[in-house]
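>>> Predicted model and sequence below, questions to follow.
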Amino acid sequence: MESMAPSKLVTPGELADALGALRSSTPLVQCLTNTVVTNFTANVLLASGGSPAMVDVPGEAGDFAAVAAALLVNLGTPNSEQAAAMREAVAGASAASTPWVLDPVAVGSLRVRTALARELVAARPTVIRGNASEILALAGQAVGGRGVESTDSVAAATDAAGTLARESGAVVAVSGEADLVTDGVRTVFVHGGSALLTRITGGGCALGALCAAFLSTGGDPLVATVAAHAFYSAAAERAAATAAGPGTFAPLFLDALAAVSPAELGATAVLS
Amino acid sequence: MESMAPSKLVTPGELADALGALRSSTPLVQCLTNTVVTNFTANVLLASGGSPAMVDVPGEAGDFAAVAAALLVNLGTPNSEQAAAMREAVAGASAASTPWVLDPVAVGSLRVRTALARELVAARPTVIRGNASEILALAGQAVGGRGVESTDSVAAATDAAGTLARESGAVVAVSGEADLVTDGVRTVFVHGGSALLTRITGGGCALGALCAAFLSTGGDPLVATVAAHAFYSAAAERAAATAAGPGTFAPLFLDALAAVSPAELGATAVLS
Amino acid sequence: MESMAPSKLVTPGELADALGALRSSTPLVQCLTNTVVTNFTANVLLASGGSPAMVDVPGEAGDFAAVAAALLVNLGTPNSEQAAAMREAVAGASAASTPWVLDPVAVGSLRVRTALARELVAARPTVIRGNASEILALAGQAVGGRGVESTDSVAAATDAAGTLARESGAVVAVSGEADLVTDGVRTVFVHGGSALLTRITGGGCALGALCAAFLSTGGDPLVATVAAHAFYSAAAERAAATAAGPGTFAPLFLDALAAVSPAELGATAVLS
């Protein structure tokens, strides 16, 4: 379970280096994501230093995944044409060794996305990111949350996350008050952030895109995923300090994503 | 016609109770809405105290409507797959007695949505919310407005709203300088608000989602719909007081939706 | 190439008159655009003084294009149903002489949109607006940029823009540090603006919608397109003066679009 002993698995220097690598490479991140959060997701990537490209139509998605630096597949509103494009994109990414992130939004009782999520897990994503209920459902240990909301705690999903990581070969990240990141052997908790991220839509979805951006810089997927979460939390804390509510939080959060430096990230992140 | 005598149909205490009930239940509100306003609509629900879920694909929409606390069907950009999902969702809502709101965006001369709107009215929505031109068109008394804009006044739509309410069994709400809410027998006007709501996209569409959120708490649909409109107006007034234009109004409005308390709503709403 | 000698092709008075005409007519601008930027595009039009209508489903798009004041066709996420609606809309616009803008987002190597863009260019858009890589690709002189980003300078696209304008009959606009607008004979550069427009999504896409809004007021398409770019740059500069990053820039930019007056536009625009 969670402990506050500083993590020895990921160092401050590794966090700073990961953000520095993202900023210097401006990675081209392909996103097939839901209609609710496309705009916010693209703005999160742009503010952070990435280059978003929402190429999500069949006939293009696979070709593009082969040249993109990383790929996000988010199952929030999977209409049939986008689902076909997701299959193409995952095949293209796999063939070209493009790292990719699966965000299994609201899997569990919803039939279309749950079947699609299981199919895509079998295609071996680099990272799976979700809330506790989604990870439990994907691991076959629960029937899902309440819509897009989690009804389970991160602590309750710790074992499921480890099992899912070992079975799928993916790094699994579970968002919550403290975020858990595990590859099935190593587990890191990322502390901090702001509850305001749960009061705006896309707070979790855009984090999936940022995981993809960090993965694009190469290196250990566990470190990249931890860095994405720590960076997101640092920016959220900075924005929450001056926000007057969820509405003003969103633009301040984008400003903060653009402003947090590698050194600040290394100095302020709290891992255990 | 409109009169400023305080309404005896809905009391300040009822408004406060309605908002209190919404805040304490965090209702799961399913939205099938247009691609322009999905993000803003979700953020309005989150800021107000609801939990949005944009489940709008066939094979899922009907199942979800049976478990959701309320449903919004907004016809702004009804592609064929979403239209199929709307039919599923309405059937699921009807079977499970989930209250639902129909927002007939730009009905009148546009063929696809106008036919779909008439079909959905026959499925007996709990509430129909639109601008004056949309309500006149749906009542068969005009050919619609100018795109998504109303070319008619609320006063001109008063009779049509009453007729539509009696024929459909729905509470009918007409947005304008003062908003009209009627069940065909009782009619309430909600005053206040801000013209800035007409300078941002989704100002009307998100109100439909909020009507659904208030309906979810049970009780009289007329009271719930009046409360949604009064709450929306109160938040808009608060935001407009410090906004420097339509751009800064939007985040301030979301902050205000999160900040307006039940007591403040009861104390400041102006009904007639 | 670029020169700083004041343009004699478009006068300050013509810029001011163009914005005045837009503000007094509140043009109904139909947009078939990508899922990432629909909301921002609609808000840009509303803030500037237009009336957006995202009518993009088959069976409606053509009818609406015949009554709209102007049309935008943006190829950012062209799913099959929207692509069919685009063909309908262009046919409707052509039959009714509705001016229309083509924004060939990310054309080049992406197959679906590239084929569609070539087909639509043959239907004779009034204006083609893109970044340098898109214009070079559409002119057959390059294979496109990096996703939605340009990898070419405006200077490198000057000849291609002129050729494309002469062959297509369209005014061609190329966005960059200074924007180029040409009809194949006359060429104007619009200076100013802000790099923050490249740090938010939709910075280019919404400009295409604004070109359509200015075209709707009649007159010389070259002047209208220059006016749209000059107005956009003026608002961006005003917003950038107080923005703390890309997040706060976006709402301030919308405020600025609402605030810049015809006189201010005429007095501050820098053309060459």
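The structure has been received and is ready for your questions. Residues are numbered from 1 along each chain as shown, chains lettered A, B, ... in the order given.
>>> going forward, measure contacts between C-alpha atoms and count neighbours the same way
Noted.
>>> and the nearest residue to residue A:104 once chain neighbours are set aside, how many residues sit next to it?
Across the structure, with Cα to Cα, 6 or more residues apart in numbering or on different chains as the measure, the residue nearest residue A:104 apart from its sequence neighbours is residue A:75 (5.5 Å). Residues within reach of residue A:75, counting by other Cα atoms under 10 Å in any protein chain shown, total 25.
>>> Confirm for me that residue A:75 is in contact with residue A:35.
No. Under the criterion of Cα atoms under 8 Å, residue A:75 is not in contact with residue A:35, lying 10.2 Å apart.
>>> phi, psi of the residue in the stretch 1-150 of chain A that chain B sits nearest to?
Of all residues in the stretch 1-150 of chain A, residue A:36 sits closest to chain B, with a separation of 4.7 Å (Cα to the nearest Cα). As for residue A:36, its main-chain torsions (degrees, to the nearest 10) stand at phi -80, psi -30.
>>> which residues of chain A score low on pLDDT?
Within chain A, the stretches falling below the threshold (pLDDT under 70) are A:1-4.
>>> show me where it has strands.
For chain A, the strands identified by DSSP state E occupy A:28-32, A:51-53, A:70-74, A:100-103, A:127-131, A:171-175, A:179-182, A:187-190, in order along the chain.
>>> Enumerate the residues of chain A near chain C.
A:28, A:35, A:38-39, A:42-43, A:46-47, A:51-60, A:63-64, A:81, A:250-256, A:258-259 (Cα under 8 Å from any Cα of the partner chain).
>>> can you rerun that using 7 Å?
When proximity is defined as Cα under 7 Å from any Cα of the partner chain, chain A approaches chain C at A:35, A:38-39, A:42-43, A:46-47, A:53, A:55-57, A:59-60, A:251-252, A:254-255, A:258.
>>> Can you list which of the residues you listed are found in helices?
A:38, A:39, A:42, A:43, A:46, A:47, A:251, A:252, A:254, A:255, A:258 (DSSP state H).
>>> which ones are touching the second one?
This means residue A:39. When contacts are counted by Cα atoms under 7 Å, 6 or more residues apart in numbering or on different chains, residue A:39 touches C:36, C:37, C:201.
>>> What does residue A:186 show for phi and psi?
phi -100, psi 140.
>>> Next, count neighbours for it.
Residue A:186 has 11 nearby residues by other Cα under 10 Å.
>>> what about the residue lying closest to it once chain neighbours are set aside, how many neighbours?
Taking Cα to Cα, 6+ apart, and ignoring the residues beside it in sequence, residue A:186 has residue A:9 as its nearest neighbour in space, at 7.5 Å. Summarising burial for residue A:9: neighbours were counted as other Cα under 10 Å, giving 13.
>>> What distance do you get for residue A:9 to residue A:220?
Relative to residue A:220, residue A:9 is positioned 11 Å away (Cα to Cα, to the nearest Å).
>>> Also residue A:59?
As it turns out, when the distance is counted by Cα to Cα, residue A:59 lies 32 Å from residue A:220.
>>> Who has more neighbours out of these two?
Per other Cα under 10 Å, whichever of residue A:59 and residue A:220 has more neighbours is residue A:59, with 17 against 10.
>>> and residue A:43, what is it in contact with?
If a contact means Cα under 7 Å, 6+ apart, then residue A:43 has C:200, C:201 as its contacts.
>>> let's see it at 10 Å
With contact set as Cα atoms under 10 Å, 6 or more residues apart in numbering or on different chains, residue A:43 has these partners: A:37, A:49-52, A:206, A:251, A:254, A:257, C:36, C:199-202, C:246-247.
>>> out of the residues you listed, what pair is the most spread apart?
Of all pairs drawn from these, the greatest distance, 19.4 Å, lies between A:257 and C:36 (Cα to Cα).
>>> check contacts around residue A:205.
Neighbour list for residue A:205: A:33-34, A:36-38, A:40-41, A:72-76, A:103-105, A:129-130 [criterion: Cα under 10 Å, 6+ apart].
>>> Name the residue most distant from the centre of chain A?
Relative to the C-alpha centroid of chain A, counting by Cα atoms, centre = their mean, residue A:244 is the outermost residue, at 26.2 Å.
>>> Now that it has come up, it's in contact with residue B:239, right?
No. Contact between residue A:244 and residue B:239 fails when scored by Cα atoms under 10 Å: they sit 11.7 Å apart.
>>> Which neighbours do the two have in common?
In the contact map built from Cα under 10 Å, 6+ apart, the residues linked to both residue A:244 and residue B:239 are B:251, B:252, B:254, B:255, B:256.
>>> Measure how buried the closest residue to chain C within the stretch 101-250 of chain A is and give me the count.
With Cα to the nearest Cα, the shortest gap between the stretch 101-250 of chain A and chain C falls at residue A:250, namely 7.3 Å. A count of neighbours around residue A:250, defined by other Cα under 10 Å, yields 26.
>>> what's near enough to touch it?
For residue A:250, the contacting residues are A:40, A:44, A:196-197, A:199-201, A:203, A:236, A:239-240, A:243, A:256, B:251, C:247-248, by Cα under 10 Å, 6+ apart.
>>> Quick check: it vs residue C:197, distance?
To residue C:197, residue A:250 is 18 Å away according to Cα to Cα.
>>> which among the contacts of residue A:250 end up buried?
The neighbour count (16 or more other Cα atoms under 10 Å in any protein chain shown) marks A:40, A:44, A:196-197, A:199-201, A:203, A:236, A:239-240, A:243, A:256, B:251, C:247-248 as buried among these.
>>> From those residues, which land in helices?
Counting by DSSP H, the buried ones among the contacts of residue A:250 place A:40, A:44, A:236, A:239, A:240, A:256, B:251, C:247, C:248 in helices.
>>> Just name the closest of those to residue B:14, please.
Within these, proximity to residue B:14 (Cα to Cα) peaks at residue B:251, which comes in at 27.8 Å.
>>> which one is that closest one nearest to, not counting chain neighbours?
For residue B:251, the spatially nearest residue (Cα to Cα, 6+ apart) is residue A:247, at 3.9 Å.
>>> I'd say the one you found and residue B:45 touch.
No. Counting by Cα under 10 Å, residue A:247 does not reach residue B:45; the two are 11.8 Å apart.
>>> OK, contacts around residue A:263?
Remark: with contacts taken as Cα under 10 Å, 6+ apart, residue A:263 is in contact with A:12, A:13, A:15, A:16, A:17, A:19, A:20.
>>> Leaving out chain neighbours, which residue sits closest to residue A:17?
Per Cα to Cα, 6+ apart, closest to residue A:17 is residue A:262, 6.8 Å.
>>> Can you give the distance from stretch A:51-70 to the centre of its chain?
Distance, stretch centre to chain centre, for stretch A:51-70: 18 Å (Cα atoms, centre = their mean, to the nearest Å).
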